[in-house]
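Chemist: any chance you can model this:
(one chain, ligands or ions: 1)
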Amino acid sequence: MTDSNQASLSAHDRLFKLGDADSYNEVVDLFDKYTEQVTQHLPAPMMAMADVTPSQHILDIGTGTGIVALEVARKLGEQGKVVGIDLSDGMLATAKRKADKEKLAAKAEFLKMDAEVLEFEDDSFDNVLSLYALRHFPNPEKAVAEMRRVLKPGGKAVIAVGSRPELFSRDGLAAVFRRLGSIGRRLTGRELAACDFLDELVNKHIPENANSETAEWTGHRHGFTGSVRDLLAAAGFTDINSSWRGQYSVFESPEAFWELQMTFSSLARKRIGQAEESAVNTLKQEFISTCEDVLARKGRLVYQSGAAIISAVKP
Ligand SMILES: C[S@@+](CC[C@H](N)C(=O)[O-])C[C@H]1O[C@@H](n2cnc3c(N)ncnc32)[C@H](O)[C@@H]1O
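Modeler: Next comes the predicted model:
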């Protein structure tokens with residue numbers, strides 16, 4: 001971020017963004033490991049919704065360790081180029097290392113930049129993609145306006161956010177039945193679900209501090225498809241479409257279940273990152289022994305996630 005761009009942000013937003021980026025620096029390797037395991041199914045449908053072709057110039061916003069940008073780079077031809085931007089030095093370093101390892105560095109560039117203040121000319125990209133990042137931005141309307149500005153006319157923004165499926169859909173009804181089964185197992189001590197399980201323990205053992213862990217606009221809302229559609233429409237996008245992808249993983253090891261939640265839950269990652277070691281040890285002991293009790297009852301440690309993928313066209 002340049003100094004003049006930084007100056008245009010409020011002190012609160014600047015602190016929130018730095019805190020968010022820093023919280024990832026400590027856990028990048030684990031983030032990358034679990035992202036490869038549980039998020040690998042999302043770049044392909046996002047690219048399909050964007051109609052990515054081999055010669056395009058693509059921007060990936062909040063690229064993390066590059067799961068979307070690198071998948072795009074694998075599909076690009078000589079003329080194509082993908083740029084991944086993020087504010088976390090740790091995430092960017094890993095993304096670059098992975099690009100080097102796969103000999104994709106000529107097609108995939110990774111830059112430190114704020115999604116709300118993009119440092120690109122107007123009309124620079126054929127498509128803009130962003131996976132699981134929008135809810136990290138304190139001013140999503142600025143990020144969406146920036147996406148529109150840097151897109152060429154006719155280009156698409158494709159944004160994926162964690163979300164339940166819409167209730168009156170096939171996925172929505174299937175989710176209701178799954179949830180009923182899950183509630184039964186939880187009431188009989190035979191299921192723990194990420195990331196609610198760790199979040200509840202963190203709330204019990206580590207008091208909330210003055211800094212909020214999530215962007216205020218996200219509140220405690222779960223149905224994000226509608227809010228992202230509204231943001232895109234308000235920014236002047238047209239042809240807004242959405243689809244939903246679910247994912248269900250069962251973990252055998254309490255330690256892996258801990259690592260996943262410690263990394264993926266913003267609340268857990270940020271509060272544990274700043275807590276006293278003794279508080280974290282007590283919390284982790286309760287976490288592991290509760291998992292072991294559930295496994296001893298032949299129960300499950302479950303990570304269930306869903307992503308709404310919303311696409312929209314810059315007229
Ligand atoms: C949940 S991770 C998703 C990463 C990646 N897209 C994936 O799905 O694996 C969110 C990412 O957004 C980045 N991020 C948060 N605020 C940002 C901002 N204002 N500008 C750019 N990136 C940001 C974080 O550093 C983090 O890498």
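
Chemist: and the residue of the protein closest to the ligand?
Modeler: Per Cβ to the nearest ligand atom, residue 64 is where the chain lies closest to the ligand, at 2.5 Å. (Each C-beta comes from the backbone N, C-alpha and C, glycine too.)

Chemist: surely that residue touches residue 35?
Modeler: Yes - with contact defined as Cβ atoms under 8 Å, residue 64 and residue 35 form a contacting pair (6.8 Å).

Chemist: neighbour count: the two, which is higher?
Modeler: Legend: neighbour count by other Cβ atoms under 10 Å for residue 64 and residue 35, higher for residue 64 (25 against 19).

Chemist: show me what contacts that one?
Modeler: By Cβ atoms under 8 Å, 6 or more residues apart in numbering, the contact list for residue 64 reads 24, 31, 35, 86, 88, 91, 95, 131-133.

Chemist: so what's the residue of the chain closest to the ligand scoring on pLDDT?
Modeler: Predicted confidence (pLDDT) for residue 64: 98.

Chemist: so it sits in a strand?
Modeler: No - according to DSSP: H, G, I helix; E, B strand; the rest coil, residue 64 belongs to no strand; its state is coil.

Chemist: middle-most residue in this protein, spatially?
Modeler: residue 132 (2.4 Å; Cα atoms, centre = their mean).

Chemist: so how far is residue 69 from it?
Modeler: As judged by Cβ to Cβ, to the nearest Å, residue 132 and residue 69 stand 13 Å apart.

Chemist: same question for residue 44.
Modeler: Distance from residue 44 to residue 69, by Cβ to Cβ: 14 Å.

Chemist: more neighbours: these two, which one.
Modeler: residue 69 (31 against 14).

Chemist: so what's the more buried one closest to, chain neighbours aside?
Modeler: residue 84 (3.6 Å; Cβ to Cβ, 6 or more residues apart in numbering).

Chemist: name the element that neighbour belongs to?
Modeler: strand 81-86 (DSSP states H and E).

Chemist: can you report how many residues lie near residue 47?
Modeler: The number of residues packed near residue 47 is 19, by other Cβ under 10 Å.

Chemist: quick one: residues contacting it.
Modeler: Neighbour list for residue 47: 71-72, 75, 129, 158 [criterion: Cβ under 8 Å, 6+ apart].

Chemist: if we go to 10 Å?
Modeler: 53, 58, 68, 71-72, 75, 127, 129, 158 (Cβ atoms under 10 Å, 6 or more residues apart in numbering).

Chemist: list the buried residues for the helix or strand hosting it?
Modeler: In this structure, residue 47 sits in helix 43-50 according to DSSP H and E. Buried positions in helix 43-50, judged by neighbour count with 16 or more other Cβ atoms under 10 Å: 43, 45-47, 49-50.

Chemist: near the ligand, anything from it?
Modeler: No - in terms of Cβ under 6 Å from any ligand atom, no part of helix 43-50 sits within range of the ligand; the closest distance is 8.6 Å.

Chemist: helix or strand next in line after that helix, which one?
Modeler: Next element after helix 43-50 (DSSP H and E): strand 57-61.

Chemist: ok so, going back, check which residues of the helix or strand following the strand holding residue 84 are buried.
Modeler: Sequence order places helix 89-101 as the next helix or strand after strand 81-86, per DSSP H and E. Buried residues in helix 89-101, counted by 16+ other Cβ under 10 Å: 90-92, 94-96, 98-99.

Chemist: the helix or strand following helix 89-101 packs against which elements?
Modeler: Following helix 89-101 in sequence order, the next helix or strand is strand 108-112 (DSSP H and E). Applying 3 or more Cβ pairs under 10 Å, 6 or more residues apart in numbering; DSSP states H and E, we find strand 108-112 packed against strand 57-61, helix 67-75, strand 81-86, helix 89-101.

Chemist: where do the strands of the stretch 101-250 of the chain begin and end?
Modeler: Under the criterion DSSP state E, counting those that start in this stretch, strands of the stretch 101-250 of the chain are mapped to 108-112, 125-131, 151-162, 191-194, 238-251.

Chemist: figure out which of those strands is closest to residue 14.
Modeler: strand 108-112 (14.5 Å; Cβ to Cβ).

Chemist: ok, that closest one near the ligand or not?
Modeler: No - contact of strand 108-112 with the ligand (Cβ under 6 Å from any ligand atom) is absent, the minimum separation being 8.5 Å.

Chemist: just the angle for that strand relative to helix 89-101, thanks.
Modeler: 170 degrees (axes from the mean of the first three to the mean of the last three Cα atoms, to 10 degrees).

Chemist: show me which residues of stretch 192-200 are buried.
Modeler: By 16+ other Cβ under 10 Å, the buried positions in stretch 192-200 come out as 192-195, 197-199.
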